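**Student:** Provided below are the primary sequence and the corresponding predicted coordinates.
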Amino acid sequence: MAPPSLYRGATTGTEQHHKHAPAQRLWELIEAGVFLSEELQLDAVLRRIVETACRVIGTRYGALGVLNESRTGLSNFIFHGLTEADRERIGDLPVGRGLLGALIEDPKPIRLADLSRDARSVGFPDNHPPMTSFLGVPIRSRGEVYGNLYLTEKQAAEGFSEEDEQLAIVLAGQAGAAIENARLFESARSAEAAAGRRLMELESVHELGIAVLSEVDPERVLRIVARRARELVRADTAAIALRDGDELVVRVAVGVRASVAEGLRVAMDATLAGAVMKSREPVLVPDALADDRMSPVVVRRLNLRSVVLAPLVQGSEGIGVVMLMHDEPERFSPDDLFAVSRFASLASLGLYNATLVATERRRADMEAELAETRVRSELRDQALKAAIRAQEDERSRIARELHDSAGQALASILLGLKVASDEPTLQDARARLSDLREIAAEAAGEVRRISRELRPSVLDDLGLEAALERLTSDIGERTTLKVSLSVELSDPRFEPEFEIVLYRVAQEALTNTVKYAGAGRVDVSLEEHDQVIRLTVADDGSGFDPQSKVGLGLGLRGMEERAELVGGSLDVRSTPGAGTTVVLDVPKKLGE
């Protein structure tokens, strides 16, 4: 470790500087080498080289010129010893003429006591500080020249010495290695960044492929592509336009100007987007303001500067474009153009897939609708047939009722009239006529009962509850059955079709109980459950085997068909010796 006085800035005067100059220079060279081997930022390396050279060799001014790619001039010029104000007054930096150019043409050290006396000197621009002594050495590494180190105005001496030149050559060698390391690091970092970006791009393409090919909604496919492409190339807005006749219409847009872009219509012949779609070739526009192919209206409306356009293709035909936009120029690179092109290819495939699925779904929906129409038609036919059967059953029942009651009564009356006409005395005839009047009254009552059962007027006038009260009361009066009725409805009136079905099923169930059950009691209830009306008729009669349905015959079938007509359901529960329960559920409204 060197003593503190040997580090930079530790000199205390010209005599001490001369006394310790060799040792101090050695330590400063070592220190410079350590720093330059550790520093990997190129700009910091270049500046530190100039600063170290000025300090170690003892000059007022120093500079480092970096050669351009053609090695015919300088691409960068780093200076030391001048303030920014001095730099502004001088104007443009040197580009490699005069002595600087001589060192470029012939990369060998140049040491001058007075540079103004050298024929290769071209002088200084206005406001340039005076410079006399000059030392220039090339910066090399592995035989390749990266640039040149320039030092002027040697301090505490009349000019540069042979030792100064050797120190400058050693320092330039260290600088060359440091520059090469820094460039290798920059290259490796750029390669790593490019690899990382390429990996991200591949992952994005993979994820996009999965998302696009698994999505079946064309609109969502477009939105996925626009969002992922915008994220990948860091665009501020992404849009997808599809062909609509002679126009392109922006169907999907995401990002800063999505609300302005979405729905925008432009004529294909008047835009670069239309040309890209027709040619099926992607295009990179570094600055839309300077590109005559861009529509001025679109550029102003979307505030465009940088643009990438890639075609959407199906088969051999362009169907639209993917557009990535930014409001700053030079934002996109050829790599971005390549990435967007691949996204557009995936978008084309995904859109085609989604369109096929959507078409197939529409076809399936149409077929399902036709099938549903056929089913509805068949159900209507079945309902009509069921209604006709129910009507025929009702006619048969009425015919039986008329035959068994009114018909027989009328036959008895006719026979009685014949007998009365043959009676020997008037008194006997009158007695016979009195009997006939009773028979006729009973027949008239039966006819009225049958008439009421056909369509009880109370059902139309007062509703189902009143009609059921009349029905159960009539059965209780005509038979020995104990009949109870319970009604719990939120609304006393509802669809007439349902009222007549509920009434007929109750009537048929009670008739079966009277005729076949041998019951002592029957309970009738009408309740509302959510949107369903439930009718229950339960007796304590002899019951039957529901599998054989013996004892109900056409009556049960008629009840089932009536329930089906209004979308209801009928459940008959019975056990031999344990009674029968008939449960009818119908919706409260048609179509439920």
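**Tutor:** Good, I have the coordinates. Numbering: from 1, shown residues only.

**Student:** give me the low-pLDDT residue ranges for the stretch 1-150 of the chain?
**Tutor:** Scanning the stretch 1-150 of the chain for pLDDT under 70 picks out 1-42, 91-93, 95-97, 122-123, 125, 127.

**Student:** Which stretches in it count as strands?
**Tutor:** Counting by DSSP state E, counting those that start in this stretch, the stretch 1-150 of the chain has these strands, from start to end: 59-67, 74-80, 110-112, 134-141, 144-154.

**Student:** okay, the angle between the first one and strand 74-80?
**Tutor:** Using axes from the mean of the first three to the mean of the last three Cα atoms, to 10 degrees, the inter-axis angle of strand 59-67 relative to strand 74-80 is 160 degrees.

**Student:** Now find how far off-centre strand 59-67 is within its chain.
**Tutor:** Centroid separation for strand 59-67 versus its chain: 59 Å, with Cα atoms, centre = their mean, to the nearest Å.

**Student:** Could I get the CA-only coordinates of it as CSV?
**Tutor:** The C-alpha trace of strand 59-67 is given here as CSV (Å, rounded to 0.1, in the frame of the first residue of the first chain):
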residue,chain,number,x,y,z
THR,A,59,-1.1,18.4,-17.9
ARG,A,60,-3.7,21.1,-17.9
TYR,A,61,-5.8,19.7,-20.7
GLY,A,62,-6.6,16.3,-22.0
ALA,A,63,-9.0,14.6,-24.4
LEU,A,64,-9.8,11.2,-25.7
GLY,A,65,-11.1,10.7,-29.2
VAL,A,66,-13.1,7.5,-30.1
LEU,A,67,-12.8,6.3,-33.7
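
**Student:** helices or strands next to that strand in the packing?
**Tutor:** The contact analysis (3 or more Cβ pairs under 8 Å, 6 or more residues apart in numbering; DSSP states H and E) places strand 59-67 against helix 42-57, strand 74-80, helix 98-105, strand 144-154. (Glycine included, C-beta is placed from N, CA and C.)

**Student:** so where does residue 438 fall, helix or strand?
**Tutor:** helix 426-454 (DSSP states H and E).

**Student:** Show the average pLDDT along that helix.
**Tutor:** The average pLDDT within helix 426-454 is 66.

**Student:** if we can go back for a sec, so which of the helices and strands packed on strand 59-67 comes closest to residue 459?
**Tutor:** Closest approach to residue 459 among these (Cβ to Cβ): helix 42-57, 100.9 Å.

**Student:** Mind listing the residues bridging to residue 574?
**Tutor:** residue 580 (DSSP bridges).

**Student:** contacting residues for it?
**Tutor:** By Cβ atoms under 8 Å, 6 or more residues apart in numbering, the residues touching residue 574 are 543, 544, 545, 546, 580, 581.

**Student:** Can you get me a residue count around the last one?
**Tutor:** Okay, so that is residue 581. 17 (other Cβ atoms under 10 Å).

**Student:** Also the fifth one?
**Tutor:** The burial metric for residue 580, expressed as a neighbour count using other Cβ under 10 Å, is 27.

**Student:** what's the domain layout of the chain?
**Tutor:** 4-187, 203-358, 463-587 (automatic domain parsing).

**Student:** Considering the contacts of residue 574, which member attains the minimum pLDDT?
**Tutor:** For the contacts of residue 574, the pLDDT minimum is residue 546, 75.

**Student:** correct me, but that one touches residue 576?
**Tutor:** No - applying Cβ atoms under 8 Å, one finds residue 546 not in contact with residue 576, separated by 9.9 Å.

**Student:** of those two, who's got more company?
**Tutor:** Counting neighbours by other Cβ under 10 Å for residue 546 and for residue 576 shows that residue 546 has the greater number, 16 against 12.

**Student:** Surely that one forms part of a helix?
**Tutor:** No - with DSSP: H, G, I helix; E, B strand; the rest coil as the criterion, residue 546 is assigned coil and is not in a helix.

**Student:** how far away is it from residue 512?
**Tutor:** 13 Å (Cβ to Cβ, to the nearest Å).

**Student:** And the strands of the stretch 1-150 of the chain: which comes nearest residue 339?
**Tutor:** Once the strands of the stretch 1-150 of the chain are compared by Cβ to Cβ, strand 74-80 is nearest, at 29.7 Å.

**Student:** so the closest one versus helix 98-105, what angle?
**Tutor:** Going by the same axes, to 10 degrees, strand 74-80 makes 120 degrees with helix 98-105.

**Student:** Would you mind listing the outside residues contacting strand 74-80?
**Tutor:** The contact list for strand 74-80 (Cβ under 8 Å, 6+ apart) reads 46-47, 50-51, 54, 61-69, 87, 93-96, 100, 104, 147.

**Student:** What strands line up against that strand, and which way round?
**Tutor:** With DSSP bridges as the test, strand 74-80 is paired with strand 59-67 (antiparallel).

**Student:** Buried residues, the strand it pairs with. List them.
**Tutor:** 59, 60, 61, 62, 63, 64, 65, 66, 67 (16 or more other Cβ atoms under 10 Å).

**Student:** Contact partners for the closest residue to the second one other than its chain neighbours?
**Tutor:** Going back to what we said before, that points to residue 60. Leaving aside its sequence neighbours, residue 60 sits nearest to residue 153 (Cβ to Cβ, 6 or more residues apart in numbering; 3.8 Å). Each residue near residue 153 by Cβ under 8 Å, 6+ apart is listed here: 59, 60, 61, 81, 131, 132, 133.

**Student:** Need the phi and psi values for the closest residue in space to residue 61 that isn't next to it in sequence.
**Tutor:** Nearest residue to residue 61, sequence neighbours excluded (Cβ to Cβ, 6+ apart): residue 81, at 3.8 Å. Per-residue torsions, residue 81: phi 100, psi -20 (degrees, to the nearest 10).

**Student:** count of residues packed around residue 81?
**Tutor:** By the measure other Cβ under 10 Å, the count of residues near residue 81 is 18.

**Student:** No more questions from me, cheers.
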